[in-house]
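Provide a 3D model corresponding to the input given below.
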Amino acid sequence: MRKFWLVLLSLSFITLVACSNDDKKTERTEESKNEKTEEVEKEATSSEEATDSEADNNTTSKSLYDESKAKTNVMKKEATGLESSIEMKHAEDVLLEQTQITEGDYSTLGVENEQEARDKIKDIGDAEKYKDQEGVEYKVEYTDNTFIETFKVDYTVADLNLVASMPEGTSKESQFVSYQLSVDNFKKQGYYLEGEQTTEVFRGEKEGYLYEVAILQDGKNKVLKQTTYNEQTYASLDLADKAAAEEKFKDTVKGYEELSKEDGVSFEMKFEEDKFTVDGVIDYEKIADIDKVLAIMGIDPTSKEAKEEARNYTVTASGLLSNGLQYIETKK
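Coordinates of the predicted model:
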């Protein structure tokens with residue numbers, strides 16, 4: 001069985017945001033190379049708003065927000081070799097400006113030097129698409145070992161038909177980018193809201209299989225607590241019955257029992273008539289001997305990097321996403 005704490009890091013590149021219409025229906029398209037999410041328009045909540053709006057196709061309707069209520073939040077994604085921040089200025093649910101800065105080692109692109117990085121970014125970037133576009137700034141700077149990508153959009157003046165994908169047949173007036181759905185889509189890529197302690201829920205589900213992980217994070221990229229629930233039918237694993245499952249997973253059970261002896265850790269695997277379940281909790285704030293726990297989990301406690309990554313929210317979330325789970329919701 002794959003251990004839930006094993007993680008893989010995925011690179012986030014230029015990332016556009018999601019919008020909604022008034023009944024919250026969305027259309028999303030994933031682009032695997034650069035983890036883009038598409039934007040959709042949100043129509044005016046009433047015909048009166050649509051009539052009063054004097055915005056054209058290239059502007060956000062000012063009737064939809066009160067600029068005096070504008071504030072800025074920051075989302076982050078931080079792991080070894082990669083740091084990305086997204087500054088989001090919004091008035092209620094209307095996203096006004098967004099600045100995303102990503103700095104990464106060339107190794108995160110799978111290249112070794114500046115020229116290879118330039119070629120790679122040219123292939124997957126959008127420099128030409130946004131060149132000379134009002135309200136849009138895109139640039140990439142290079143050092144000996146890293147790239148720094150800046151993508152800035154002023155949604156109040158930018159052509160939303162360029163930076164967003166609009167559903168056919170919808171009004172071009174009063175369109176805007178939804179702040180909340182933007183946040184949700186970035187969370188699907190492993191970002192977190194800076195300064196906001198929340199529990200982020202991820203789930204993977206298919207026939208005969210359910211895997212859900214809830215991560216309490218402190219708003220500073222540290223995992224405080226991780227709760228896991230897994231159930232899987234014997235048939236999905238080509239196991240004949242309960243006895244066959246108990247034999248196959250006897251070492252796993254022993255490992256869970258060893259982990260559960262430590263403060264702050266609890267794992268229980270139960271074998272039912274046609275499936276097994278696993279309930280697990282790792283409460284890092286209550287663990288007395290973190291080195292011992294990490295060693296049992298197969299993580300080298302003598303490695304400073306490994307110890308940091310064990311509690312790194314970005315690494316943990318990205319690992320779950322890479323293994324087929326999806327961000328489901330935020331619990332505060």
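
element containing the residue lying farthest from the centre of the chain?
Relative to the centre of the chain, the most outlying C-alpha is that of Ala243, 38.9 Å out, by C-alpha atoms, centre = their mean. Ala243 belongs to helix 242-248 when assigned by DSSP states H and E.

That helix packs against which elements?
Here helix 242-248 touches strand 265-271, going by 3 or more C-beta pairs under 8 Å, 6 or more residues apart in numbering; DSSP states H and E. (Glycine included, C-beta is placed from N, CA and C.)

So in that sheet, which strands flank the helix or strand just after the strand it packs on, and in what orientation?
Where DSSP H and E defines the elements, the next helix or strand beyond strand 265-271 is strand 275-283. Strands that pair with strand 275-283, judged by DSSP bridges, come out as strand 223-233 (antiparallel), strand 265-271 (antiparallel).

Assign a three-state SS to Ala317, would you?
For Ala317, the assignment made with DSSP: H, G, I helix; E, B strand; the rest coil gives helix.

If you count neighbours, what's buried in the helix holding Ala243?
Ala245 (16 or more other C-beta atoms under 10 Å).

export that helix as CSV, just CAs?
Provided in CSV are the C-alpha atoms of helix 242-248 (Å, rounded to 0.1, in the frame of the first residue of the first chain):
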residue,chain,number,x,y,z
LYS,A,242,-11.0,-11.1,4.4
ALA,A,243,-8.5,-13.7,5.3
ALA,A,244,-6.5,-13.0,2.1
ALA,A,245,-6.5,-9.3,3.0
GLU,A,246,-5.3,-9.8,6.5
GLU,A,247,-2.4,-11.9,5.2
LYS,A,248,-1.5,-9.3,2.6
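
tell me what the following helix or strand past it is packed against?
As assigned by DSSP H and E, the chain's next helix or strand after helix 242-248 is helix 250-259. Here helix 250-259 touches strand 265-271, helix 290-296, going by 3+ C-beta pairs under 8 Å, 6+ apart.

Which one, of those, ends up nearest to Gln115?
helix 290-296 (39.3 Å; C-beta to C-beta).

roughly how far apart are Phe151 and Asp123?
The gap separating Phe151 from Asp123 is 16 Å, by C-beta to C-beta, to the nearest Å.

So which of the two has more stuff around it?
Neighbours per residue (other C-beta atoms under 10 Å) separate Phe151 from Asp123, with Phe151 holding more: 23 against 9.

Could you confirm the more buried one falls within a strand?
Yes: Phe151: assigned to a strand according to three-state DSSP.

That one and Glu97 touch, don't they?
No: counting by C-beta atoms under 8 Å, Phe151 does not reach Glu97; the two are 11.7 Å apart.

ok so, going back, now the strands paired with strand 275-283 as a markdown table including mean neighbour count, mean pLDDT and distance to Thr330?
Listed next are the strands paired with strand 275-283 as a markdown table, based on neighbours: other C-beta atoms under 10 Å; pLDDT from 0 to 100; distance: least, C-beta to C-beta, whole Å:
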| stretch | mean neighbour count | mean pLDDT | distance to Thr330 |
| --- | --- | --- | --- |
| strand 223-233 | 18 | 97 | 15 |
| strand 265-271 | 16 | 97 | 24 |
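
Sounds good, over and out.
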